[in-house]
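# Sharing a model that was predicted from the sequence below.
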Amino acid sequence: MNETREVHIVTPYITLGQLLKLVNLIGNGGEAKSFLATHEVIVNGEVDCRRGRKLYHGDEVEIAKKRFRVAS
């Protein structure tokens, strides 16, 4: 497994779709639905494919052997 990359946000939360865009896994928000339909995404140890899933500080997301942690 690769090293965990911290994703810094200044708001109380970020959606899963926004995170995908922020870490350059998708080019725009419209691609989130199809990306999530074809890739396994694990949020805090559980599979989740909701692009509107709210991610808070400390949440961890694993996508295609890449790991991200939401941080302030």
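On my side now, so go ahead.
# all contacts plus neighbour counts: C-alpha atoms, from now on.
OK.
# could you pull out the helices for the protein?
16-22, 32-38 (DSSP state H).
# Format the CA atom coordinates belonging to the first one as CSV.
Coordinates of each C-alpha in helix 16-22 appear next as CSV, following Å, rounded to 0.1, in the frame of the first residue of the first chain:
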residue,chain,number,x,y,z
LEU,A,16,-16.6,12.1,-2.1
GLY,A,17,-17.1,13.5,-5.5
GLN,A,18,-15.3,16.7,-4.6
LEU,A,19,-12.4,14.7,-3.2
LEU,A,20,-12.1,12.7,-6.4
LYS,A,21,-11.8,16.0,-8.3
LEU,A,22,-9.4,17.5,-5.8
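# Relative to the whole chain's centre, how far out is that helix?
6 Å (Cα atoms, centre = their mean, to the nearest Å).
# Return the set of buried residues in that helix.
With burial defined by 16 or more other Cα atoms under 10 Å, the residues of helix 16-22 counted as buried are Leu16, Gly17, Gln18, Leu19, Leu20, Lys21.
# Run through the residues that contact the third one.
Going back to what we said before, that points to Gln18. Gly29 (Cα atoms under 8 Å, 6 or more residues apart in numbering).
# which outside residues touch the worst-scoring helix or strand of the chain on mean pLDDT?
Across the helices and strands of the chain, mean pLDDT, DSSP states H and E gives its lowest value to helix 32-38, namely a mean of 93. With contact meaning Cα under 8 Å, 6+ apart, helix 32-38 is reached by Gly17, Leu20, Ile26, Cys49, Arg50, Arg51.
# what's around Asn25, how many residues?
Actually, residue 25 is Leu. It isn't Asn. 14 (other Cα atoms under 10 Å).
# For Leu55, name its beta-bridge partners.
Beta-bridge pairing of Leu55, defined through DSSP bridges, involves Ile14.
# Next, find the distance separating it from Leu25.
16 Å (Cα to Cα, to the nearest Å).
# same thing with Glu40?
Applying Cα to Cα to Glu40 and Leu25 gives a distance of 13 Å.
# Asn2: which of the helices of the chain is closest?
Closest to Asn2 of those is helix 16-22 (Cα to Cα; 17.1 Å).
# Lys65: which of the buried residues of helix 16-22 is nearest?
Leu20 (13.9 Å).
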